[in-house]
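Asker: give me a 3D structure for the following:
(chains A and B)
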Amino acid sequence: MNIERVSERINEFIASHRGTLGQLPAIQTQVLELAAAVAASEHYESFGYTVEFHNPRRSREFVVKCSSRGHPWNYSWILAKREGQGFEIHMNLSVRSARDSGIYCVDIGVTEPGIVPRRKQAWACLPNNNLVTFAEVKKLVVYPMLLAHFIGIVHELAPAFLTPVSAAFEAACHFPPALLTLGRCTPNSREIVAAYPTRGISVIIEAGFDDRFSDGLTKFRFGQRDSVDSKVAVA
Amino acid sequence: MSIERVEALLGESPSSLRDPVIGYAESVKAALPDIFRQAGLASDSLLENEVVFIAGIRKLYAMVSSTFWTLQKALTKLSEREVPNIRIGGHRYSFDSAEYRRLHALHDSLRAVLEQENLLRFMGRVNYADVVRALKDEHRESQ
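Answerer: I've put the predicted structure just below:
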């Protein structure tokens, strides 16, 4: 390998695309939020649900909610239906804590139908008992403190998943609370995640989520294979 | 030398792009003893420099590639549902949008450079021990 020549060519590439490269980290974050919503819809589709995309003002534009700011009726959402049962998938959804009056914003919230308002009204958050499951997206390597942070979120929002899930939950083919990351898992983190089932904790850790989402010729399904990468985080 | 070379490549880029690339290259540099042990090879400063340099490029390519392909897939899925446009903050994407075309051009341009320099084989999920072995074989052949 001729490092000098490669450096020169990469420099030329960077100079030619400086503007877009400068925006790339921000675009990557936004695209991940979108990907998480689409991945959730694919998950339900893969289990025989029909999926409908609902856009504000019935437009043909899918509007992604990228932060806790803004009202849900101004953003797109997804309806998954099967055998008369329906669930909604919302982005950056405010949810009441299971423990107290705290309100948390989850990147992806799967809810009972008809609870999140579709028109302007006074609304603070989703009542906790209407939250079915959720997912969090992080542009990080999976490391122990991130896992502890995520389990803390589960503890506050969905403590039922700190014990084995119900048969009804499994029968509906929901995904348990999921942590979706760009980076791989550190070796120590893999050990922690491997111990979760023995502790009765029901979560999915999707390391390298973007690779798996964009790779697939088949529909994405949470936890379809060993979602914790078997290779070390670095090598 | 290798980290400095990666730093030089991204010197004028925003920190949000520069930091993850350099951070990743540094993490690979720290893992070099393990990588060479896995490869079954003695440490070699020339090889080490090449591996760290490749790591920096690999991270850059991963950011470009995964962003492009993730958007590509999302646009495809939504288009199948007759929803051709996506709005994310101040950005609008469709297969016809300037934003999508710029991202596509970015991906294709970097991929072409890597292909022409025979580096595409080291991108993706290739184990670094395999990278070291391949580079070592090339050094032997060129001697």
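
Asker: is the helix or strand of chain B with the lowest mean pLDDT positioned near chain A?
Answerer: Lowest by mean pLDDT, DSSP states H and E among the helices and strands of chain B is helix B:2-9, with a mean of 85. Yes. Applying C-beta under 8 Å from any C-beta of the partner chain, one finds helix B:2-9 touching chain A at B:5, B:8-9. Yep, even glycine has a C-beta here, placed from its N, CA and C like the rest.

Asker: so where's chain B uncertain?
Answerer: Applying pLDDT under 70 to chain B picks out residues B:1.

Asker: grab the longest helix from chain B for me.
Answerer: Criterion DSSP state H: the longest helix present in chain B is helix B:45-80.

Asker: just the C-alphas of the helix or strand that it is followed by, formatted as PDB.
Answerer: Once the chain leaves helix B:45-80, the next helix or strand it forms, by DSSP states H and E, is strand B:85-88. Only the C-alpha atoms of strand B:85-88 are listed here, as PDB (Å, rounded to 0.1, in the frame of the first residue of the first chain):
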ATOM      1  CA  ASN B  85     -40.400  12.300   0.500                       C
ATOM      2  CA  ILE B  86     -38.800  12.500   3.900                       C
ATOM      3  CA  ARG B  87     -38.400  15.600   6.000                       C
ATOM      4  CA  ILE B  88     -35.900  15.500   8.900                       C
END
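
Asker: which element follows strand B:85-88 toward the C-terminus?
Answerer: Assigned by DSSP H and E, the successor of strand B:85-88 is strand B:91-93.

Asker: mind listing what's buried in that next one?
Answerer: B:91, B:93 (16 or more other C-beta atoms under 10 Å in any protein chain shown).

Asker: that one: partners in the sheet, and parallel or antiparallel?
Answerer: Take DSSP bridges as the rule and strand B:91-93 pairs in its sheet with strand B:85-88 (antiparallel).

Asker: now the strand it pairs with, how far from the centre of its chain.
Answerer: 26 Å (C-alpha atoms, centre = their mean, to the nearest Å).

Asker: one more: stretch A:209-224?
Answerer: 12 Å.

Asker: straight-line length of that stretch, end to end?
Answerer: Stretch A:209-224 has its terminal residues 12 Å apart, counting by C-alpha to C-alpha, to the nearest Å.

Asker: contacts for it?
Answerer: Stretch A:209-224 is contacted by residues A:32, A:35-36, A:38-40, A:42-43, A:45-47, A:135, A:137, A:175-176, A:178, A:180-182, A:204, A:206, A:227, B:66-67, B:69-70, B:72-73, B:125 when judged by C-beta atoms under 8 Å, 6 or more residues apart in numbering or on different chains.

Asker: dump the residue contacts of the residue located most distally from the centre of chain B.
Answerer: Ranked by distance from the centre of chain B (C-alpha atoms, centre = their mean), the top residue is residue B:82, with 32.9 Å. By C-beta under 8 Å, 6+ apart, residue B:82 lies in contact with residue A:60.

Asker: can you give me phi and psi for it?
Answerer: phi 60, psi 40 (degrees, to the nearest 10).

Asker: for chain A, which spans come out with low pLDDT?
Answerer: Along chain A, the parts satisfying pLDDT under 70 run over A:216-218, A:225-235.

Asker: confirm residue A:224 sits in a helix?
Answerer: No. Read with DSSP: H, G, I helix; E, B strand; the rest coil, residue A:224 is coil and lies in no helix.

Asker: distance of it relative to chain B?
Answerer: Using C-beta to the nearest C-beta, to the nearest Å, we find residue A:224 at a distance of 16 Å from chain B.

Asker: quick one: secondary structure of the residue nearest the centre of chain A?
Answerer: For chain A, residue A:135 is the residue whose C-alpha lies nearest the centre (C-alpha atoms, centre = their mean; 3.8 Å). Counting by three-state DSSP, the backbone at residue A:135 sits in strand.
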